[in-house]
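Chemist: Predicted model follows, preceded by the sequence.
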Amino acid sequence: MGIQQHPGPALLVMGVLSRSEEALSEAESRTEDVFGPLLRKTDPQVFQSFTSYYEREMGPNLLRSYWVFAEPVVRAALVEAKLVTNRIEKKMSIGSKRTVNLDPGLLSLESLVLATTKPYSHRIYLSKGIYGELSYMFRKDGGVDLLEWTYPDYRKSVVMEFFSRIRKEALLT
């Protein structure tokens, strides 16, 4: 018989898309009200879209930023984080169109897992209509293994280095 083991804490992270820096700032304020202060964030960069999925709803010239919150969370918090970010997206929408897209995930010693509402064969159902998708697997030597479904923007070396550096600084010390 196996012995139940509880995982260590993880950091709440977020991939954020918007057409405007004002919306990014408002979303940052709203998420910090719920999840606490940010530990780090990337400067907004032009989102190199590999698909027109977001542009159809949010328009062209999207900005991408990644945020990491300071307070470690239990891993079960990912479901509630996705539900909260969905509500924030809805409140910030104009008409039926989002002004911001907030994709939370969990950064741990072992992995980066993103939350999604879309089921697919490689996604594991968590609860309340939310699925988890393993995007990074961290090796013991600190390297990152990607999966065939890891999003193209998360494959960029600058993004992988951002999350790897925070993992090392915040979770290995």
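Modeler: Nice, thanks for sending it over. Residues are numbered from 1 along each chain as shown.
Chemist: Three-state assignment for Pro119, please.
Modeler: For Pro119, the assignment made with DSSP: H, G, I helix; E, B strand; the rest coil gives coil.
Chemist: Now do the same contact list for it.
Modeler: With contact set as CB atoms under 8 Å, 6 or more residues apart in numbering, Pro119 has these partners: 125, 131. To be clear about C-beta, it is placed using only N, CA and C from the backbone, and glycine gets the same treatment.
Chemist: swap in Arg98?
Modeler: By CB under 8 Å, 6+ apart, the contact set of Arg98 is 57-58, 89-90, 92.
Chemist: Roughly how far does it sit from Ile130?
Modeler: Distance, Arg98 to Ile130, by CB to CB, to the nearest Å: 18 Å.
Chemist: One more: Gln45?
Modeler: 27 Å.
Chemist: Contacts only, for Ser121.
Modeler: Ser121 makes no contacts at all, as judged by CB under 8 Å, 6+ apart.
Chemist: How about the one 3 residues further on?
Modeler: Going by CB under 8 Å, 6+ apart, Ile124 touches 131-133.
Chemist: in the longest strand seen in the chain, what counts as buried?
Modeler: Identified as the longest strand of the chain according to DSSP state E is strand 63-73. For strand 63-73, burial by neighbour count (16 or more other CB atoms under 10 Å) applies to 63-69, 72-73.
Chemist: ok, now stretch 136-151?
Modeler: 136, 138, 144, 150-151.
Chemist: still on that earlier bit, helices or strands next to the very next helix or strand once past the longest strand of the chain in the packing?
Modeler: Downstream of strand 63-73, the next assigned helix or strand under DSSP states H and E is helix 77-91. In this structure, helix 77-91 makes packing contacts with strand 10-18, helix 21-35, strand 100-107, strand 111-116, strand 124-127, strand 130-138, judged by 3 or more CB pairs under 8 Å, 6 or more residues apart in numbering; DSSP states H and E.
Chemist: Listing partners with orientation, what would you give for the fifth one?
Modeler: In its sheet, strand 124-127 lies beside strand 130-138 (antiparallel), with partners assigned from DSSP bridges.
Chemist: Summarise which helices and strands whichever helix or strand comes after the partner strand is packed against.
Modeler: Under the assignment DSSP H and E, the closest C-terminal helix or strand after strand 130-138 is strand 144-146. Judged by 3+ CB pairs under 8 Å, 6+ apart, the packing partners of strand 144-146 are strand 130-138, helix 157-166.
Chemist: Out of the helices and strands in this structure, which is least certain?
Modeler: Least confident helix or strand of the chain, by mean pLDDT, DSSP states H and E, is helix 53-58 with a mean of 85.
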